[in-house]
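J.: this one's sequence-less:
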Ligand code: SF4
């Protein structure tokens, strides 16, 4: 007898038949990474908010199939569909599939006709959202629900939080009724094929590929990739693989850069290949010094840490806006003297204004402001200028002084240990081996900095722990700008 496949299993099937089989037969092999778990948490948060937005009078009923059991939830859903109140997480089983609707709203006061809304913590409608809606509509209708329409509620990234808990406008609807209703036969064919895969005794022999990360990072990657021998010099270390010929060669099975002829590579790719294979450092010292010569001392070296929220918590900010909460500034004077300034706000209040004022103070004066990957810092400074008109002239003047060290590194330097990456953490070990991120306590990268910040502003975090996080964040950001100073010293010819 065929099993009932949930919508999430059908979407797993749409990504990869092997994934569906593993989800059903070997679920313990699945390892979700931190990013996937964080995405689940954001999804729950947006879902909770959506219920309050769609049902401000709290007239609706929320079902919880995890605690009350699937069959009980299905039975209660049938009862509730005879009423005329919003229903959240109503379940339907039909045609070999099972689906739970985020939101069901009675149409026209309740003549047992319904409109379904699926809530996504995304800022645009993706193809897999459309498939999701098609499955929901098909199963609900097959189960006898009189479904008049289906919409997707997504986050409006242009919306600005007015404060005081007023989240009206955060979600916008896209009506997917016509498309979802037209795809019934397609969904039926997916279910039939997925049932056949589920009934297979053997694991499907599908090899890992680009589909493993799209639309979601698959939690079975370690299992599926475990048996394949790793290339000694992976083609993924080559920068910007864009040419069709190169892509085709890689899609055809070339995994090691020794399998790629030089004529298929551009200059930079050839450089990475030859220095990776030889193990020798590439450094165009004269070119790097010439790049930096127009930007003499005194100079500042700056780096920001940011946080973003799908559901903004600070008035005047947008969903997913990257809000700076910390900076480190190293200042190098004409005589080579080095001074350091830092800003970190763990109060839980919006750090933006204090950050902007402190940054202007730390970078006061003239001279270049060096960053590593200018797009990030200059965008944050421009956003602060847009929010605080009185600080805008100073902030925009600061942006005009920004000089990016990343293009210099990309053009003039490559060490085989970089493995195709020019992130400062990859470049640093060869340039300044005495500066090591691995020696930092607790916070060693931007993702960890965000988690640490979230923990620190949580009112439930004890003072001693908050103090410990503060020290870790300050040490991490300090190292980022000290690393830039060392890079500048090497590139400008001050240090060998
Ligand atoms: S890792 Fe890739 S091949 Fe393996 S189950 Fe997941 S999507 Fe399929």
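T.: That came through, no problem. Remember, predicted model here, so these are calculated numbers, not experimental data.
J.: so which elements touch the longest helix along the chain?
T.: Counting by DSSP state H, the longest helix found in the chain is helix 463-491. Using 3 or more Cβ pairs under 8 Å, 6 or more residues apart in numbering; DSSP states H and E, the elements in contact with helix 463-491 are helix 285-292, strand 299-307, strand 323-332, strand 338-344, strand 369-371, helix 406-412, helix 424-431, helix 446-457. No exception for glycine: its C-beta is placed from N, CA and C like everyone else's.
J.: tell me the SS of residue 82?
T.: coil (DSSP: H, G, I helix; E, B strand; the rest coil).
J.: what of residue 309?
T.: coil.
J.: residues of this structure that sit close to the ligand?
T.: 15-16, 18-19, 22, 206, 208, 211-212, 218, 220-221, 224 (Cβ under 6 Å from any ligand atom).
J.: closest to residue 103 among those?
T.: residue 15 (24.9 Å; Cβ to Cβ).
J.: so that closest one sits right up against residue 213, yeah?
T.: No - using Cβ atoms under 8 Å, residue 15 is not in contact with residue 213, being 9.6 Å away.
J.: neighbour count for these two, which is higher?
T.: The residue with more neighbours, out of residue 15 and residue 213, is residue 15; 17 against 12, by other Cβ atoms under 10 Å.
J.: count of neighbours near the residue lying closest to the more buried one once chain neighbours are set aside?
T.: Excluding the flanking residues, the one nearest residue 15 by Cβ to Cβ, 6 or more residues apart in numbering is residue 211, at 6.2 Å. Other residues lying near residue 211 total 15 when counted by other Cβ under 10 Å.
J.: mind pulling up the pLDDT for residue 211?
T.: On the pLDDT scale, residue 211 is placed at 89.
J.: for it, give its distance to residue 341.
T.: 47 Å (Cβ to Cβ, to the nearest Å).
J.: what of residue 422?
T.: 27 Å.
J.: please apply the same query to residue 349.
T.: In terms of Cβ to Cβ, residue 349 sits 21 Å off from residue 341.
J.: equivalent analysis for residue 222, please.
T.: Distance from residue 222 to residue 341, by Cβ to Cβ: 43 Å.
J.: one more: residue 101?
T.: Taking Cβ to Cβ, one finds residue 101 at 53 Å from residue 341.
J.: those two: who's more crowded?
T.: Legend: neighbour count by other Cβ under 10 Å for residue 101 and residue 341, higher for residue 101 (26 against 17).
J.: and the more buried one, bridged to which residues?
T.: residue 90 (DSSP bridges).
J.: for it, what are its contacts?
T.: 87, 89, 90, 91, 92, 116, 117, 118, 136, 140 (Cβ atoms under 8 Å, 6 or more residues apart in numbering).
J.: can I assume residue 320 is in contact with residue 310?
T.: Yes - applying Cβ under 8 Å, one finds residue 320 in contact with residue 310, separated by 6.3 Å.
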